[in-house]
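In: sequence and predicted model, in that order:
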Amino acid sequence: MKSKKYSEDIIKVFKKDGFILSEPDVLLDSNYIIQRSGENFRKLMLTFEDDTGKSMCLRPDLTIASCIKYLKDNSKVNSKIFYSGQAYRRSNNLKDKVVNDQLGIEILGSKNKSNDDLKVLKTIANSIEKIKIKNTSIKVSDVSLFQKLIESLTIPERWKMRLKRHFWRPQYFEDLLKRLETNSDVDPTAVELDKKRFTEMKNLDQNKEIASRKVSEILTRFHRKIKDPRSFAENKKIVKIIREFLKINCPINQLDKILKSFVKKNKLSNSVFKDLSTIKNLSKINSKTTFSTNFGRDLEYYTGIVFEIYNSSKKEIARGGRYDGLLKSLGSKKNISAVGAAINLNNL
């Protein structure tokens, strides 16, 4: 069988590159995943209740399943693993398969981010080359660049938090940009009313609770809101910068030059995108690699590099990325550096 031969050849590459077999659980606690990995998974999961009434699901994602196993095993060291199995996901597209056969690798407890990012992408690319899939192309992004851009802009902290939190929801994110651009959420009458309430509440007992919150907490929030420094002209400029950044799409070896031009044009600090070593490293893999700042927004656990590999028909055959915050969200006491990728056998 063709898929079996593919699997055998791919696994040989994984083992040669030092990855060891791991078999994560098929059944997972669905509420645990939703609470810790984001709401985006809720619409994907195939759920049911066990005999005790607990909500369970078939694993929607082998990366999450592998991370949960890593934590269950109390692993504290660098772990290079590979897996072979199925992920089970719903889809609104009737053409999509519910069961996805995958072969993937993860480096958990990654010590050298730049080298390990390259290692994962190179191993996956070599695996695809081993099974003689030709004329492949790679698309790359780095979601941390967006985070760095937002931190560099002169907008209130609460708006920085909103934009970073909802980057994974493109439609809602666009709504936020429109609100920021037009100041539509700032009602002058409401602002004056807030100022009046702020003055009145300053004279109250700071430990008194109103609607389950202390007066001191409410005053802190009012203070941030009243001091909101946004102006209409400045907002339009900020939104224009964000939209321009999200339109960057270029060969990966031109990214450094394009980002420098972007920074200079918009009078940003030269240190905004100061370290592109990981991205430059990835450019060694394939001359057809492209970089897009608007790519990789469908899974919110990514924190850095995100990539996909396509065949000659532009069908996705592999994807992966860096997810340094996922293990902590799943129960680790601290962030654990991690990167991984999977090949979708159904699309080979």
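Out: That came in fine, so what should we check first?
In: can you show me the helices along the chain?
Out: Assigned by DSSP state H, the chain shows helices spanning 2-16, 30-37, 62-72, 113-130, 143-152, 157-165, 170-182, 188-201, 215-226, 232-245, 255-265, 277-282, 326-329.
In: nearest residue to the middle of the chain?
Out: What sits nearest the mean C-alpha location of the chain, by CA atoms, centre = their mean, is Tyr302, with 2.5 Å.
In: what's the least confident stretch among the helices of the chain?
Out: Lowest mean pLDDT of these: helix 188-201, a mean of 64.
In: next up, the contacts around the residue nearest to the centre of the chain.
Out: Tyr302 is in contact with Val143, Gly296, Gly321, Arg322, Tyr323, counting by CB atoms under 8 Å, 6 or more residues apart in numbering. All C-beta spots, glycine's among them, are computed from the backbone N, C-alpha and C.
In: which of those residues sits closest to Ala125?
Out: Distance to Ala125, by CB to CB, is smallest for Gly321 among these, at 14.5 Å.
In: thought the closest one was touching Asp298?
Out: No - using CB atoms under 8 Å as the test, Gly321 is too far from Asp298 to be in contact (10.9 Å).
In: pick out whichever of those two has more residues nearby.
Out: A direct count of neighbours by other CB atoms under 10 Å for Gly321 and Asp298 places Gly321 higher, at 26 against 12.
In: for that one, give me the pLDDT.
Out: With respect to pLDDT, Gly321 scores 95.
In: beta partners for it?
Out: As for beta bridges, Gly321 partners with Val306, Gly340 under DSSP bridges.
In: OK, contacts around it?
Out: Contacts for Gly321 (CB under 8 Å, 6+ apart) come out as Gly296, Leu299, Tyr302, Gly304, Ile305, Val306, Phe307, Val339, Gly340, Ala341.
In: now the third one: how far from Phe19?
Out: By that I understand Tyr302. From Tyr302 across to Phe19, the span is 21 Å (CB to CB, to the nearest Å).
In: on that earlier part again, kindly reformat the helices of the chain as a markdown table containing mean neighbour count and distance to Asn207.
Out: As requested, these are exported to a markdown table (neighbours: other CB atoms under 10 Å; distance: least, CB to CB, whole Å):
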| stretch | mean neighbour count | distance to Asn207 |
| --- | --- | --- |
| helix 2-16 | 15 | 59 |
| helix 30-37 | 18 | 31 |
| helix 62-72 | 22 | 39 |
| helix 113-130 | 20 | 45 |
| helix 143-152 | 18 | 34 |
| helix 157-165 | 15 | 24 |
| helix 170-182 | 15 | 34 |
| helix 188-201 | 12 | 13 |
| helix 215-226 | 14 | 7 |
| helix 232-245 | 15 | 37 |
| helix 255-265 | 15 | 47 |
| helix 277-282 | 18 | 48 |
| helix 326-329 | 20 | 33 |
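In: any chance of the ones you listed in CSV, plus distance to Ser55?
Out: What follows is the helices of the chain, written out as CSV (distance: least, CB to CB, whole Å):
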stretch, distance to Ser55
helix 2-16, 32
helix 30-37, 5
helix 62-72, 16
helix 113-130, 32
helix 143-152, 29
helix 157-165, 25
helix 170-182, 26
helix 188-201, 40
helix 215-226, 33
helix 232-245, 38
helix 255-265, 43
helix 277-282, 38
helix 326-329, 18
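In: of the contacts of Gly321, closest to Glu106?
Out: Gly340 (3.5 Å).
In: identify the residues contacting Leu21.
Out: Ile81, Phe82, Tyr83, Ser84.
In: now, which of those residues lie within strands?
Out: Among the contacts of Leu21, DSSP state E puts Ile81, Phe82, Tyr83, Ser84 in strands.
In: quick one: which of the residues you listed is the most crowded by neighbours?
Out: Using other CB under 10 Å as the neighbour criterion, Phe82 leads the ones in strands among the contacts of Leu21 with 24 neighbours.
In: can you pull the contacts of it?
Out: Contacts of Phe82 by CB under 8 Å, 6+ apart are Ile11, Phe14, Lys15, Phe19, Ile20, Leu21, Ser22, Leu103, Gly104, Ile105, Glu106.
In: what about 7 Å?
Out: Phe14, Phe19, Leu21, Gly104, Ile105 (CB atoms under 7 Å, 6 or more residues apart in numbering).
In: quickly list what the third one is bridged to.
Out: According to DSSP bridges, Phe82 are recorded as the beta-bridge partners of Leu21.
In: same question, the last one
Out: On the basis of DSSP bridges, Ile105 is bridged to Phe82, Ala341.
In: tell me the contacts of it?
Out: Phe14, Phe19, Ile81, Phe82, Val120, Thr123, Gly340, Ala341 are the contacts of Ile105 under CB under 7 Å, 6+ apart.
In: that older thread, nearest to Leu46, out of the helices of the chain?
Out: Leu46 sits nearest to helix 30-37 of all the helices of the chain, at 9.1 Å, using CB to CB.
In: helices and strands around that closest one, which ones?
Out: Counting contacts by 3 or more CB pairs under 7 Å, 6 or more residues apart in numbering; DSSP states H and E, helix 30-37 packs against strand 55-58, helix 326-329.
In: output the contacting helices and strands for the last one.
Out: In other words, helix 326-329. Here helix 326-329 touches helix 30-37, helix 62-72, going by 3+ CB pairs under 7 Å, 6+ apart.
In: perfect, that will be all.
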